[in-house]
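> here is my input, please return the structure:
(chains A, B, C and D)
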Protein chains: 2
Amino acid sequence: MTVTEPQKPLRADARRNRERIIEAARKVFAKQGTDAQVDDIARAAGVGVGTLYRHFPDKRALLGELLAAKFRAFADNAERALAEDDPWESFAWLLRTNAAACARDVGLQQALHRDPAAWSVAIPELMRLQDRAGQLIRRGQEAGVLRDDLVVEDIPMLMSGLTATMTVPQYDWHRHLEIILDGLRAR
Amino acid sequence: MTVTEPQKPLRADARRNRERIIEAARKVFAKQGTDAQVDDIARAAGVGVGTLYRHFPDKRALLGELLAAKFRAFADNAERALAEDDPWESFAWLLRTNAAACARDVGLQQALHRDPAAWSVAIPELMRLQDRAGQLIRRGQEAGVLRDDLVVEDIPMLMSGLTATMTVPQYDWHRHLEIILDGLRAR
DNA sequence: TCGAAAACGGAACTTGAACTCCGGTTCCGC
DNA sequence: GCGGAACCGGAGTTCAAGTTCCGTTTTCGA
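Prediction:
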């Protein structure tokens, strides 16, 4: 029974500005990470800080909005993976695809590995993602291609670690991912 | 030809306070992480902030001192590993042992995965660590127990990721490490 | 023992970034 | 096209954390 969207339609200028802010925030956080300044985002959106704060109670709320969208995309990818046949390839494809999305967004990397508390804004998306990932894992284990002791919770743990290495330019996170994938494969 | 230690012997009270500060900083950073406050460390050391700043130009310098000590311990462990015979067990022991040390120190975890720039204070220790790790890797590869494409740079990358997951209490980093180890083993 | 140099303590200063406030502007139903 | 409600902008406020400054205390060689 939670209210997810405001009932009252926003005035034209308000809706326009809200979109601009979200778009600007997406770009700025993606490039500079989560400690980009609120003032910078407002400027990038062509809007005053006051306007930004009328649409989002605080910086965290803005970050949360973007994070939820990312998790939604992750869950969509998981469903796409389930629609594929090969138990191993579909699983590996999901990790590679979602990792690549993280690689393009510094803010997302930081949110994933330094601030798990912030994930709570996207509970429904997370549950869907977890459910689909669980199905993928089970399918892989039944086919004998995934290690038997793998559990769903391992995936966010490993991805957190992976995103941490992405923030260091001189590391090749693709290598990290491939090592993890080898570690997840059944022997 | 860099000066590593000050020539002039410190006054008795100064030396005593310096030790107290280092000891307090070790404890506070280990428990609270690198954004523990300078004032808290001074208080824990039973010393004024001014005293802390006479011994260390800034907070980073204090962190650097502690970090260098940790890297020294890591390198010592690497030499101990080289003294062992079993190529795989000695390698795995090193990762497990150094990981366990990280697990006891939140500040160290954060330094390792969010601030690689800070490592530069410990170049000599890092080079020694890297050299010994390289020997361990070569030995493991020649014995056919380590994957052929493994390079020294992969180790800090993987450890960075591992320390990131340690900061989340609900993750079991031991599982993460064992998955990585399986990924590093030759097939 | 004694005095100058070295060290101390912690109140005050500085900084930087999140957030507020209010006079001006824009929208939209009538 | 008008009035007032909704919205805007950005200068100014607040707050937390690092760093400095200087009057007081401690050390130690002569």
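
> shaky segments in chain A?
A:1-7 (pLDDT under 70).

> buried ones in the longest helix along it, by neighbour count?
Counting residues, the longest helix in chain A under DSSP state H turns out to be helix A:59-83. Neighbour counts over helix A:59-83 (16 or more other Cβ atoms under 10 Å in any protein chain shown) mark A:59, A:62-68, A:70-72, A:74-75, A:77-78, A:81 as buried. Glycine gets a C-beta too; all of them are placed from N, C-alpha and C.

> tell me where chain A has strands.
Counting by DSSP state E, one finds no strands in chain A.

> list the contacts of the residue nearest to A:Leu94 when sequence neighbours are not counted.
Nearest residue to A:Leu94, sequence neighbours excluded (Cβ to Cβ, 6 or more residues apart in numbering or on different chains): A:Ala81, at 4.2 Å. Applying Cβ atoms under 8 Å, 6 or more residues apart in numbering or on different chains to A:Ala81 gives the contacts A:90-91, A:93-94, A:132, A:136.

> do that again at 6 Å, thanks
A:90, A:93-94, A:136 (Cβ atoms under 6 Å, 6 or more residues apart in numbering or on different chains).

> which two in the residues you listed are spaced the farthest apart?
A:Trp93 and A:Leu136 (9.9 Å; Cβ to Cβ).

> more neighbours, the two?
The residue with more neighbours, out of A:Trp93 and A:Leu136, is A:Leu136; 24 against 16, by other Cβ atoms under 10 Å in any protein chain shown.

> correct me if wrong: the more buried one contacts A:Phe91.
Yes. At 5.2 Å, A:Leu136 and A:Phe91 qualify as touching, with contact defined as Cβ atoms under 6 Å.

> between these two, which contacts overlap?
Residues touching both A:Leu136 and A:Phe91 by Cβ under 6 Å, 6+ apart: none at all.

> what residue in chain A comes nearest to DNA strand D?
Distances between chain A and DNA strand D by Cβ to the nearest atom of the strand are smallest at A:Gly50, namely 1.6 Å.

> gap between that residue and A:Ala42?
8 Å (Cβ to Cβ, to the nearest Å).

> what do you get for A:Pro116?
A:Pro116 sits at a distance of 28 Å from A:Ala42 (criterion: Cβ to Cβ).

> could you do A:Arg20 as well?
10 Å.

> how about stretch A:29-37, does it get close to chain B?
No. Using Cβ under 6 Å from any Cβ of the partner chain, stretch A:29-37 never reaches chain B; the gap is at least 10.5 Å.

> what about that stretch, near DNA strand C?
Yes. For stretch A:29-37, a contact with DNA strand C is found by Cβ under 7 Å from any atom of the strand, at A:35-37.

> A:Gln66: what's it in contact with?
Check again: residue A:66 is Leu, not Gln. A:Leu66 sits next to A:Arg26 when contact means Cβ under 6 Å, 6+ apart.

> returning to that earlier point: A:Arg20 and A:Ala42: which has the busier surroundings?
Using other Cβ under 10 Å, the more surrounded residue of A:Arg20 and A:Ala42 is A:Ala42, with 21 against 18.

> quick one on the thing from earlier: next one: the residue of chain A closest to DNA strand D from B:Pro87, what distance?
A:Gly50 sits 64 Å away from B:Pro87, going by Cβ to Cβ.

> more neighbours, the two?
Ranked by neighbour count (other Cβ under 10 Å), A:Gly50 and B:Pro87 place B:Pro87 first, with 19 against 8.

> ok, and the closest non-adjacent residue to the more buried one?
B:Ala143 (4.0 Å).
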